[in-house]
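Peer 1: Quick one, structure for this:
(chains A and B)
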Number of protein chains: 2
Amino acid sequence: MKNTPTIILVYPQLGENIGLVARVMANFGLDDLRLVSPRDPWPNPNALQASAGAYDLLHRARLYSTLDASIADLHYVCAATVRPRHLEKKVATPREMFVSLTECKWGILFGPENAGLSNEDISKANDLITIPTAPDFGSLNLSHAVAVCCYEWTQVQPLRISPKDHLSPLATKKDVELLLDHLETALDQKNFFLPTHKREKMIWNLHSIFQRVHLTEQEVRTLRGIIKALSTP
Amino acid sequence: MKNTPTIILVYPQLGENIGLVARVMANFGLDDLRLVSPRDPWPNPNALQASAGAYDLLHRARLYSTLDASIADLHYVCAATVRPRHLEKKVATPREMFVSLTECKWGILFGPENAGLSNEDISKANDLITIPTAPDFGSLNLSHAVAVCCYEWTQVQPLRISPKDHLSPLATKKDVELLLDHLETALDQKNFFLPTHKREKMIWNLHSIFQRVHLTEQEVRTLRGIIKALSTP
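Peer 2: Down below sits the predicted model:
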């Protein structure tokens, strides 16, 4: 499967969970693990021990200091979250989501054990996935959430959407981040984000719109042209 | 769900895994855990610690000295195993198996961490289920195997959850058309659509972006605010 998902653990806390994640990825044939600022020093002997032999996958795991950097080369990212969020994004189960994926480089974000993904983290994702759990005991162990997603991935028969469906290739996350930076700078010059205390939430909402639309490279260029044209006096 | 499966751990070794099993059962709404001769004394503090609060389920877990005793009251039992066995039994994936279950009292057997179920244990089961895994790294963590089965069970008999897809109402087509008219007018004032013969296609492309993102009413207001802010000298 060319488009096997990348697993991105954002601020993971326990080395043991990282090891269990590596193990279950190897069980289901996934091989690209990325870590964003793990709490404990890396490499972590607890991770190796819990991986039950998935050493090669752990040794190849890439370390990043920011979420943005960790997903820069991907075309599509979904965020795994248990809680309904006050962001306008599609929410689907892994089963619903995975069947609709195109042949792009894609990944799944998982948050830290204690708190899950922040709204800012989530704003970087195209879509949300939620594994349906009991309302009064909904918080899955990190490695269990990854296990379910990996298993579900092996169960779906992805729809192979022809590359012709996209006239231009999908933009990378880096392209979209640069577009959003451009927009933010242009809006700052017009003092758009007022009052200041609402700035952060307004920016998340903007990210949310432009991440979930799955922009192509050409569309990113078009939107940057629009920002430039509109803000030129 | 009348026929929620019973989970039977046969000779489990690590208290931590028993706790993780209890946690994921509670996550997916299962509540009947049975233990056949766990290696370490029961109750096991490691199990309580790993259960992340699923104490009630652990306290109600029943202890048996033999596999036969643990399944005596059930009508149907399947055995989870990773390896093909030289036994004449139906082998199915959890997905294939669970959809065919009738409303009886039923359970799933999971073997010990080091060796899995023996052929004798397996001979007590009606059928086998196998979670498909990588041929060269097939051995799932015990709690991961239970997690996948519990998850798969909820997918057959869905839990009632209703993630709020949209907190703010979706914009009407009329709202989106007005937004696009606004953008088009602002861009015309900046002579954006040049050369003229490309104008029509450029406008289609803009429509394509903003129609497929399923904007909410609030997002349409935000985007109109942005167009106004950017195009104000």
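Peer 1: Residue A:16: what's it in contact with?
Peer 2: A:46, A:47, A:49, A:50 (C-beta atoms under 8 Å, 6 or more residues apart in numbering or on different chains). C-beta: built from backbone N, CA, C; applies to glycine.
Peer 1: Any chance of those residues in JSON lines with distance to residue B:8, pLDDT and secondary structure as columns?
Peer 2: Shown next, in JSON lines, are the contacts of residue A:16 (distance: C-beta to C-beta, whole Å; pLDDT from 0 to 100; DSSP: H, G, I helix; E, B strand; the rest coil):
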{"residue": "A:46", "distance to residue B:8": "30", "pLDDT": "97", "secondary structure": "helix"}
{"residue": "A:47", "distance to residue B:8": "30", "pLDDT": "97", "secondary structure": "helix"}
{"residue": "A:49", "distance to residue B:8": "28", "pLDDT": "96", "secondary structure": "helix"}
{"residue": "A:50", "distance to residue B:8": "25", "pLDDT": "96", "secondary structure": "helix"}
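Peer 1: now, the most widely separated pair of the residues you listed?
Peer 2: A:47 and A:49 (7.3 Å; C-beta to C-beta).
Peer 1: Pull the distance from whatever helix or strand residue A:21 lives in to the chain's centre.
Peer 2: Following DSSP states H and E, one finds residue A:21 within helix A:15-27. Distance, stretch centre to chain centre, for helix A:15-27: 18 Å (C-alpha atoms, centre = their mean, to the nearest Å).
Peer 1: Report the secondary structure element holding residue A:79.
Peer 2: Going by DSSP H and E, residue A:79 is part of strand A:76-80.
Peer 1: Give me the distance from that strand to the chain's centre.
Peer 2: 4 Å.
Peer 1: Look up the closest residue to residue A:134, ignoring the ones flanking it.
Peer 2: Once flanking residues are discounted, residue A:134 sits nearest to residue B:29: 4.7 Å by C-beta to C-beta, 6 or more residues apart in numbering or on different chains.
Peer 1: give me phi/psi at that neighbour?
Peer 2: phi 80, psi 20 (degrees, to the nearest 10).
Peer 1: What is the burial count for it?
Peer 2: Neighbourhood size, residue B:29 [other C-beta atoms under 10 Å in any protein chain shown]: 19.
Peer 1: quick revisit: mutual contacts of residue A:47 and residue A:49, please.
Peer 2: Common contacts of residue A:47 and residue A:49 (C-beta under 8 Å, 6+ apart): A:16, A:19.
Peer 1: which of these two has more neighbours?
Peer 2: The neighbour comparison of residue A:47 against residue A:49 (other C-beta under 10 Å) goes to residue A:47, with 27 against 11.
Peer 1: My read is that that one contacts residue A:13, right?
Peer 2: No: under the contact definition of C-beta atoms under 8 Å, residue A:47 does not touch residue A:13, with a separation of 11.6 Å.
Peer 1: how about the helix or strand harbouring residue A:223, does it reach chain B?
Peer 2: Assigning secondary structure by DSSP H and E places residue A:223 in helix A:217-231. Yes: if you take C-beta under 8 Å from any C-beta of the partner chain as the test, helix A:217-231 does meet chain B, through A:218, A:219, A:222, A:223, A:225, A:226, A:227, A:229, A:230, A:231.
Peer 1: re earlier: report the rounded mean pLDDT for the strand holding residue A:79.
Peer 2: The predicted model gives strand A:76-80 an average pLDDT of 90.
Peer 1: and it, which strands flank it?
Peer 2: Applying DSSP bridges, strand A:76-80 is found paired with strand A:106-110 (parallel), strand A:127-129 (parallel).
Peer 1: neighbouring contacts of it?
Peer 2: Here strand A:76-80 has contacts from A:8, A:71, A:97, A:101-102, A:104-111, A:117, A:121-122, A:124-131, A:145, A:149, A:170, A:173, A:211, A:214, using C-beta under 8 Å, 6+ apart.
Peer 1: wait, does the helix or strand harbouring residue A:9 make contact with chain B?
Peer 2: If you go by DSSP H and E, residue A:9 is part of strand A:6-10. No: Strand A:6-10 lies apart from chain B when judged by C-beta under 8 Å from any C-beta; the minimum separation is 14.1 Å.
Peer 1: just how off-centre is that strand within its chain?
Peer 2: Distance, centroid of strand A:6-10 to centroid of chain: 7 Å (C-alpha atoms, centre = their mean).
Peer 1: quick one, it and strand A:106-110 angle?
Peer 2: Computed with axes from the mean of the first three to the mean of the last three C-alpha atoms, to 10 degrees, the direction of strand A:6-10 lies at 30 degrees from that of strand A:106-110.
Peer 1: Remind me what strand A:6-10 packs against, helices and strands.
Peer 2: Here strand A:6-10 touches helix A:15-27, strand A:33-36, helix A:67-71, strand A:106-110, helix A:142-155, going by 3 or more C-beta pairs under 8 Å, 6 or more residues apart in numbering or on different chains; DSSP states H and E.
Peer 1: at 7 Å instead, please
Peer 2: helix A:15-27, strand A:33-36, helix A:67-71, strand A:106-110 (3 or more C-beta pairs under 7 Å, 6 or more residues apart in numbering or on different chains; DSSP states H and E).
Peer 1: Quick check: neighbours of it in the sheet, parallel or antiparallel?
Peer 2: Short version: by DSSP bridges, strand A:6-10 pairs with strand A:33-36 (parallel), strand A:106-110 (parallel).
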